[in-house]
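Undergrad: One predicted model, sequence on top.
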Amino acid sequence: MKARNGLALLLVLVLCLALLAGCGGGSSKQDDDAKAEGEFLLGMWFAKEATYNGESMDPDDVFGGTFSLYFNDNGECTMAIDQQRAIVKWELTDDGAMLSGDNTYPITFPDAAKKTLVVTVNGVDVLMEKYEE
């Protein structure tokens, strides 16, 4: 009986070690590929036009100030309206990208060159252009 309990304990320990051996170790190639694929997003984007129910509006009027997004390479994005800022997470999706924090904000890319993006904020579609120096 002692031999059987000892064998069972040894088996449990081996399984635990096998499970732990797969943990950690940095980012995977898939994570690295996703970051490289999203490199075009990195940097500052400014709102150029807002559309709500098919009606075009000035985004400064809609948001009460300049609306911008700054995408960092660590998966964070700073959403800013004038001096008010919020840090959200960003990730690429099958049909664009997604910002997530207290809410989620889908992003689409209307042109193949990905020089513009559309982020939907509270039902308002905001066309944004990347700031190029």
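TA: All right, it came through fine.

Undergrad: Quick one: the strands in the chain, in order.
TA: Listed in chain order, the strands of the chain (DSSP state E) span 43-52, 55-57, 67-71, 76-81, 84-93, 96-100, 104-108, 116-121, 124-130.

Undergrad: Name whatever forms a beta bridge with Trp90.
TA: On the basis of DSSP bridges, Trp90 is bridged to Leu99.

Undergrad: Name the residue closest to the centre of this structure, please.
TA: Nearest to the geometric centre of the chain sits Trp90, at 1.1 Å (CA atoms, centre = their mean).

Undergrad: Would you mind pulling the contact partners of stretch 70-79?
TA: 35, 38-39, 41-45, 67-69, 80, 85-91, 99, 101 (CB atoms under 8 Å, 6 or more residues apart in numbering). In short, each C-beta sits where N, CA and C put it, glycine included.

Undergrad: at 6 Å what do you get?
TA: Defining contact as CB atoms under 6 Å, 6 or more residues apart in numbering, one finds that stretch 70-79 is touched by Leu41, Leu42, Met44, Leu69, Arg85, Ala86, Ile87, Val88, Lys89, Trp90, Leu99.

Undergrad: and if you look at stretch 124-133?
TA: Contacts of stretch 124-133 (CB under 6 Å, 6+ apart): 44-52, 59, 62, 116-119.
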